[in-house]
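Asks: just coords:
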């Protein structure tokens, strides 16, 4: 736990306490967006957050990315619901999300910046599909 906070703090140039807060934001996003997916699917959600942190068009911290709004649209659907303030139950799914949130970013989405569950139809013609993981489709910009 301490080693993870220090590594995250160094990566973001913040204190270990701030790093724990950032990790919690990533874990919440993993939990609310992907708790029913495999660990690879959960890592894919975390990877999108990190890809955004490292992209010039997005905020520079995981929490700012997770809670970013564009007008009335939330970037992560659960942040526009009552779940925004809900504390996930401390069950096995939460423990997995917390662990994965503390891992280095993976490379399963080929640089994706966006995703949605495959069951939803979207019109993201300005984006290119770069991966599919556990029934979620991942996209990047055309650059």
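Replies: Great, that's in hand. Keep in mind that what you see is a predicted model, and the values were worked out from it rather than measured.

Asks: any low-confidence regions in the chain?
Replies: The model of the chain has pLDDT under 70 over residues 1-16, 82, 84, 143.

Asks: Mind doing that once more with 90?
Replies: 1-21, 69-74, 76-78, 80-90, 104-106, 117-126, 141-143 (pLDDT under 90).

Asks: how about the helices in it?
Replies: 2-12, 16-34, 39-53, 62-66, 92-101 (DSSP state H).

Asks: Relative to the whole chain's centre, how far out is the third one?
Replies: Yep, that's helix 39-53 we're talking about. 5 Å (C-alpha atoms, centre = their mean, to the nearest Å).

Asks: What of the last one?
Replies: On the basis of C-alpha atoms, centre = their mean, the separation between the geometric centre of helix 92-101 and that of its chain is 13 Å.

Asks: now do the second one
Replies: Average the C-alpha atoms of helix 16-34, do the same for its chain, and the two points are 8 Å apart (C-alpha atoms, centre = their mean).

Asks: for the shortest one, same thing?
Replies: Put simply, helix 62-66 sits 8 Å off its chain's centre (C-alpha atoms, centre = their mean).

Asks: Return the set of buried residues in it.
Replies: Burial within helix 62-66, assessed by neighbour count using 16 or more other C-beta atoms under 10 Å, is assigned to 62-63, 65-66. Yep, even glycine has a C-beta here, placed from its N, CA and C like the rest.

Asks: which among those residues gets closest to residue 128?
Replies: residue 65 (20.4 Å; C-beta to C-beta).

Asks: any idea how far the nearest residue to the closest one once chain neighbours are set aside lies from residue 29?
Replies: Excluding the flanking residues, the one nearest residue 65 by C-beta to C-beta, 6 or more residues apart in numbering is residue 52, at 4.5 Å. In this view, residue 52 and residue 29 are 11 Å apart by C-beta to C-beta, to the nearest Å.

Asks: Could you do residue 21 as well?
Replies: Counting by C-beta to C-beta, the gap from residue 21 to residue 29 is 13 Å.
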